[in-house]
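>>> got a predicted model here, sequence first, then my questions.
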Amino acid sequence: TFDVLVVGGGPAGATTAMYAARKGIRTGLVAERIGGQVLDTAGIENFPSVPHTEGTQFAAALERHVREYEVDVMPRQRAAKLHAAVDGLVEVEFETGAVLRSRTVVVASGARWRTMDVPGEQEYRNKGVTFCPHCDGPLFKGKPVAVIGGGNSGVEAAIDLAGLASHVTLLEFGDALRADEVLQRKLNSLPNVTVVTGAQTTEVTGDGRRVTGLTYRDRPSGDSRNLAVEGVFVQIGLLPNTDWVNGALELNDRGEIVIDARGATSAPGVFAAGDCTTTPHKQIVAAAGDGAKAALSAFDHLIRTTAP
Ligand code: FAD
């Protein structure tokens, strides 16, 4: 039995485990992939005090830091179900059938970007295809880029990138943008942005090393068109990894775990942190901060409840 069992080994889960272990309480961390989304990241340049690092390096340092403490680290385990507290113990059931019990659980199972699933997208990932304007925008200074998706994220990304890129083309699949009116007005006021609606991206093209453009189908006419760009920002949704807690915790309409400012969920003794939650602005430093808050909240909960 643990005092704090963390599910997830990305920035949120790793930070939670460190904070919990530093309180001298029994801490476990289970994760499919220690490092999380950071493992899929090339350069990271927005973590304070670290001007530049690589995703794999950051993930390895995160794991080393966790292992400096007394944390029972259990990698390559996939949680399948969360069972609310019975007799003060929360249960996590794994795909293998194993069950772990803990007085508190912190869910930090993160999220994954929705991909277009077209040729070239995977091949040129981190070579021009990117999912994060805050992270990679500066790499495309003075270059033409495309943003895929006309919802709030896509339009925000296009506005953001217009200040850096030479030109931004925003491609929306439907016949109108879906972003808030105020964002659309801002977008339309920018001189170096073109909006194309009814556009279905069919391929990301490149020279083998970097992205050089993309191909899209103009849905009204059925014609195939090419666009020369050096960056493709895919903004068609972030999917939280929360299927396994569905039914046990309150989720919002996007499937994110609803948390309060302390990281508490709808279930007693269960806290959550990072990209799997309703926290805005999905970033490494934000996820790590959420992890610290969730661990300290779990500790507050423990000192207020009697040991079973
Ligand atoms: P994640 O990193 O998603 O970690 C989730 C963890 O939970 C993983 O260990 C995963 O294996 C585990 N998990 C999931 N489901 C289960 C399950 N059922 N059972 C057990 N374990 C499970 N942010 C920045 O600040 N700067 C950047 O430069 C940057 N670049 C990025 C580039 C890319 C390509 C991507 C995809 C994201 C980038 N981000 C960047 C965003 C950042 O990576 C995330 O905000 C951050 O990793 C979220 O941390 P997290 O711990 O909440 O979740």
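Yes, it's here.
>>> make it CA atoms for all contacts and neighbour counts henceforth
Fine.
>>> kindly report the residues of the stretch 151-300 of the chain close to the ligand.
Asn241, Gly274, Asp275, Lys282, Gln283, Ile284, Val285, Ala287 (CA under 6 Å from any ligand atom).
>>> in ChimeraX, select just the buried ones from those residues.
The buried residues among those can be selected in ChimeraX (16 or more other CA atoms under 10 Å) with this line:
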select :241,274,275,282,283,284,285,287
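>>> just the residues of the stretch 151-300 of the chain next to the ligand: which are in helices?
Counting by DSSP state H, these place Ile284, Val285, Ala287 in helices.
>>> between those, which is nearest the ligand?
Checking these against the ligand with CA to the nearest ligand atom, the nearest one is Ile284 at 3.7 Å.
>>> quick one: contacts for that closest one?
Contacts here follow CA atoms under 8 Å, 6 or more residues apart in numbering; on that basis Ile284 touches Pro11, Ala12, Phe47.
>>> return the residues in contact with the residue located most distally from the centre of the chain.
Among the C-alpha atoms of the chain, the one farthest from their average position, using CA atoms, centre = their mean, is that of Ser221, at 35.8 Å. Ser221 makes contact with no residue under the criterion CA under 8 Å, 6+ apart.
>>> quick one: secondary structure of it?
coil (DSSP: H, G, I helix; E, B strand; the rest coil).
>>> again, but for Glu156
State at Glu156, reduced to three classes by three-state DSSP: helix.
>>> assign a three-state SS to the residue nearest to it when sequence neighbours are not counted, would you?
Here the nearest residue to Glu156 in space, its sequence neighbours aside, is Leu183; by CA to CA, 6 or more residues apart in numbering that works out to 7.0 Å. For Leu183, the secondary-structure state derived from three-state DSSP is helix.
>>> then Gly28?
Following three-state DSSP, we place Gly28 in the strand state.
>>> residues contacting it?
Phe2, Val4, Leu5, Val6, Ala17, Val71, Asp72, Val73, Met74.
>>> let's see that with 10 Å instead.
1-7, 17, 20-21, 70-74, 100, 102, 105 (CA atoms under 10 Å, 6 or more residues apart in numbering).
>>> and the buried ones among those, selectable in ChimeraX?
To isolate the buried ones among these in ChimeraX, judged by 16+ other CA under 10 Å, type:
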select :2,3,4,5,6,7,17,20,21,70,71,72,73,100,102,105
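>>> rewinding a little: ok, the residue nearest to Glu156 - how many residues close by?
By other CA atoms under 10 Å, the residues close to Leu183 number 16.
>>> what do you get for Asp253?
Asp253, neighbours per other CA under 10 Å, totals 7.
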